[in-house]
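K.L.:
Just need the structure, nothing else, for what follows:
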Amino acid sequence: MKNKLLAPTPPQISPATRSELAPTGKLRVGINCQNFLLVNPNPAGGEYGGIAVDLGRELGRRLGVPVEIVPFETAGKLADAAAAGAWDVAFLGNEPQRAGDIAFSPAYLEIEAGYLVPAGSPIRTIADVDREGVRIAVAAKSAYDLYLSRNLKHAQLVRAQGIDASYDVFVKDRLEVLSGLKPRLTTDAAKLPGSRVLEGRFTAVQQSVGTPQGRPAGAKYLREFAEDVKASGFIAKAIERHAVRGVSVADRKPGTDHGFQPAPS
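P.N.:
Sure, this is the predicted structure:
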């Protein structure tokens with residue numbers, strides 16, 4: 001008989017872990033429907049799919065409980081629902097301003113965030129953006145909105161409810177800059193003749209799995225789970241399976257569960 005390769009041993013499940021992550025007997029998985037890189041609804045109105053959904057179902061399999069997908073229209077609404085106990089785990093950007101309500105795992109995946117400028121714009125580089133008189137369209141309460149809110153010194157953020165709305169405001173009000181995840185900005189640029197996605201990034205959004213604060217055993221397990229799915233190749237295979245471009249497996253380093261990694265200077 002041929003020897004079979006053994007898969008990496010997943011973290012063990014304690015009774016406290018299972019009761020904290022699935023207090024109702026099922027795992028309620030919160031997802032952000034607007035993040036098309038991680039979530040893709042069935043066009044026929046069926047079940048949701050994508051990397052985040054795959055991870056949620058894998059987590060439920062390991063816990064030995066059924067999974068219920070709980071969709072939200074935006075990342076902000078998903079994050080805000082933590083305090084109301086609307087979900088048990090959620091897949092969203094690991095951002096310090098959300099850490100009061102959500103205990104995050106280390107990042108399992110990262111997505112570059114950048115800027116789009118219209119045709120004829122004098123803005124040439126990322127460094128040119130943060131200046132007086134520059135208006136930046138942004139999806140309200142997105143991870144990159146929270147990052148920009150902390151770091152911009154001169155430019156003005158113009159918030160809209162969701163990614164599509166931020167694009168609409170950018171075009172309608174003739175704003176100087178549109179911020180967003182670079183894969184989406186590339187799609188937007190194709191719709192706007194002469195527009196450009198600036199080279200580089202202003203940050204990389206660290207995508208993590210979180211659970212509401214006050215569930216220490218569950219939070220510890222999610223930290224181990226995030227590292228395991230990176231080490232086992234689960235994330236890399238999910239990226240390949242869903243043919244997602246513009247994302248990468250996050251580094252397996254201790255201490256990477258602190259929100260954003262700033263862009264290299």
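
K.L.:
Would you state the strands of the stretch 51-200 of the chain in chain order?
P.N.:
Taking DSSP state E, counting those that start in this stretch as the test, the strands found in the stretch 51-200 of the chain are 67-72, 89-93, 102-104, 109-117, 135-139, 156-160, 177-181, 196-197.

K.L.:
Phi first, then psi, for V205.
P.N.:
Backbone torsions for V205, taken as degrees, to the nearest 10, come to phi -70, psi 120.

K.L.:
residues touching it, list them.
P.N.:
G93, E110, I111, E112, A113, A143, Y144, Y147, L181, F260 (C-beta atoms under 8 Å, 6 or more residues apart in numbering). Glycine gets a C-beta too; all of them are placed from N, C-alpha and C.

K.L.:
Tell me how far H242 lies from R57.
P.N.:
Going from H242 to R57 by C-beta to C-beta, to the nearest Å gives 13 Å.

K.L.:
closest one to Q213 among the strands of the stretch 51-200 of the chain?
P.N.:
Q213 lies closest to strand 102-104 among the strands of the stretch 51-200 of the chain, at 5.3 Å (C-beta to C-beta).

K.L.:
now what about that closest one, what contacts it?
P.N.:
Residues outside strand 102-104 that contact it (C-beta under 8 Å, 6+ apart): 79, 82, 90, 94, 98, 208-213, 215-216, 218-219, 222, 257.

K.L.:
at 7 Å instead, please
P.N.:
Under the contact criterion C-beta atoms under 7 Å, 6 or more residues apart in numbering, strand 102-104 has outside partners A79, A82, N94, S208, G210, T211, P212, Q213, R215, A219, D257.

K.L.:
Next, count neighbours for L63.
P.N.:
L63: 21 surrounding residues under other C-beta atoms under 10 Å.

K.L.:
Now for the nearest residue to R131 once chain neighbours are set aside: which residues touch it?
P.N.:
Closest residue to R131 apart from its sequence neighbours, by C-beta to C-beta, 6 or more residues apart in numbering: H154 at 5.2 Å. H154 sits next to D130, R131, E132 when contact means C-beta under 7 Å, 6+ apart.

K.L.:
that older thread, can I get the strands of the stretch 51-200 of the chain in TSV with mean neighbour count and distance to V229?
P.N.:
Formatted as TSV, those follow (neighbours: other C-beta atoms under 10 Å; distance: least, C-beta to C-beta, whole Å):
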stretch	mean neighbour count	distance to V229
strand 67-72	18	15
strand 89-93	28	12
strand 102-104	23	15
strand 109-117	24	10
strand 135-139	23	27
strand 156-160	17	33
strand 177-181	26	21
strand 196-197	18	30
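
K.L.:
So V244: helix, strand or coil?
P.N.:
Look at V244: counting by DSSP: H, G, I helix; E, B strand; the rest coil, its state is coil.

K.L.:
Over to the closest residue in space to it that isn't next to it in sequence: give its phi and psi.
P.N.:
Nearest non-adjacent residue to V244, counting by C-beta to C-beta, 6+ apart: L37, 5.5 Å away. Main-chain dihedrals, L37, degrees, to the nearest 10: phi -70, psi -30.

K.L.:
just the helices in this protein please.
P.N.:
Here the chain has its helices, by DSSP state H, at 15-21, 51-63, 75-80, 143-151, 163-172, 182-191, 216-231, 234-241.

K.L.:
what number of residues lie near P23?
P.N.:
The number of residues near P23, taken as other C-beta under 10 Å, comes to 14.

K.L.:
Next, the contact list for it, please.
P.N.:
With contacts defined as C-beta under 7 Å, 6+ apart, P23 has no neighbours.

K.L.:
if we go to 8 Å?
P.N.:
P23 is in contact with D88, counting by C-beta under 8 Å, 6+ apart.

K.L.:
likewise the one 4 residues further on?
P.N.:
With contact set as C-beta under 8 Å, 6+ apart, L27 has these partners: L21, G56, L59, G60, L63, V65, P66, V67, E68, D88, V89.
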